[in-house]
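>>> quick one, fold the following:
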Amino acid sequence: MKSKHTPGPWKVEIATDLPLAVTQVNPLPRDAHKGCCVCEIDDWRPSGESAANALLISIAPNLLAVCQSIRDAIVSNTQEEREWKAIADQLKATLAEIEG
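Numbers count the residues shown, from 1 in each chain. Predicted structure coming up:
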């Protein structure tokens, strides 16, 4: 099934004079065009909370992929231990990005 959301990966763009933005990572050369904006966060919260929110949003495509891998493994019920380990490693890496 084709996703309805902007394909990942996404990244956080920080500019001093603009709100935080989560954008699609541009798969084209740097001088082509910038990836599309997924969202802007102009609600500046204390203690880096806005940046943490932007990071969490930018990780959403990775979280979706991990959830889909877990669902597929459960549904197929044919995963071997090494395949479960690969899924666990993917989840661990994604959580590490979120948790810093």
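>>> list the contacts of stretch 92-100.
L55, L56, I59, N62, L63, V66 (C-beta atoms under 8 Å, 6 or more residues apart in numbering). The C-beta positions use only the backbone N, C-alpha and C, and glycine is treated the same way.
>>> now do the buried residues in it.
T94 (16 or more other C-beta atoms under 10 Å).
>>> so for that stretch, mean pLDDT?
The average pLDDT for stretch 92-100 rounds to 84.
>>> just to revisit the earlier point, for ChimeraX, write the select line for the buried members of the contacts of stretch 92-100.
In ChimeraX, this line selects whichever of the contacts of stretch 92-100 come out buried by 16+ other C-beta under 10 Å:
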select :55,59,62,63,66
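>>> tell me, how many residues neighbour A51?
15 (other C-beta atoms under 10 Å).
>>> and if you look at D72?
D72 has 11 neighbours, counted by other C-beta under 10 Å.
>>> and it, how far is that from G48?
Distance of D72 to G48, given as C-beta to C-beta, to the nearest Å: 35 Å.
>>> SS state for the closest residue in space to V38 that isn't next to it in sequence?
Spatially, and ignoring its direct neighbours in sequence, V38 is nearest to V22 (4.5 Å; C-beta to C-beta, 6 or more residues apart in numbering). At V22 the chain is in strand, as set by DSSP: H, G, I helix; E, B strand; the rest coil.
>>> okay then, goodbye and thanks.
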